[in-house]
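Visitor: Output the structure for:
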Amino acid sequence: MFIYQTKGTCSRQIYFEVDDNNILHNVKFVGGCSGNLQGISRLVEGKNIDEVEKLLAGVMCRNNTSCPDQLSKAITAYKLSKQPTTV
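Guide: Just a heads-up that it's a prediction; the model follows:
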């Protein structure tokens, strides 16, 4: 389970899982507009993370971001966390 602390939105955190095929599962937002965020979670379930990241990046609400934009940023952070580290 990956956990992302959001910035600039009513939601405070986003939780999600990614399977071995880079498919998004079990997206949950903490805080925010429950109905809208449940809808986003259902729409992205089973989608490729690259597709979701690209689709939601730049969706604006307030504070120059939005919950969908934050999900895109969360996916970016997830991908960065999975990159091999070099010594």
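Visitor: next one: phi and psi at Y4?
Guide: Geometry field for Y4 lists phi and psi as phi -120, psi 130, criterion degrees, to the nearest 10.
Visitor: Kindly report the same for S66.
Guide: When read as degrees, to the nearest 10, the backbone of S66 gives phi -160, psi 170.
Visitor: How about the contacts made by it?
Guide: By C-beta atoms under 8 Å, 6 or more residues apart in numbering, the contact list for S66 reads T9, V59, M60. (Each C-beta comes from the backbone N, C-alpha and C, glycine too.)
Visitor: Would you quantify the distance from the closest residue to I40 other than its chain neighbours to P84?
Guide: Nearest residue to I40 in three dimensions, chain neighbours excluded: P68, at 6.0 Å (C-beta to C-beta, 6 or more residues apart in numbering). As judged by C-beta to C-beta, to the nearest Å, P68 and P84 stand 29 Å apart.
Visitor: More neighbours: which of those two?
Guide: Between P68 and P84, P68 has the larger neighbour count (other C-beta atoms under 10 Å), namely 22 against 4.
Visitor: Tell me if the more buried one really is in a helix.
Guide: Yes. Assigned with DSSP: H, G, I helix; E, B strand; the rest coil, P68 falls within a helix.
Visitor: Verify the stated contact: it with E53.
Guide: No. P68 is beyond contact range of E53, at 10.6 Å (criterion: C-beta atoms under 8 Å).
Visitor: Now do the same for the residue nearest the centre of the chain: its pLDDT.
Guide: When C-alpha atoms, centre = their mean is applied to the chain, the residue found nearest the centroid is L71 (2.3 Å). Per-residue pLDDT puts L71 at 98.
Visitor: who's in contact with it?
Guide: Counting by C-beta under 8 Å, 6+ apart, L71 touches I14, V27, I40, V44, V52, L56.
Visitor: Show me which of those are buried.
Guide: I14, V27, I40, V44, V52, L56 (16 or more other C-beta atoms under 10 Å).
Visitor: Good, we can wrap up now.
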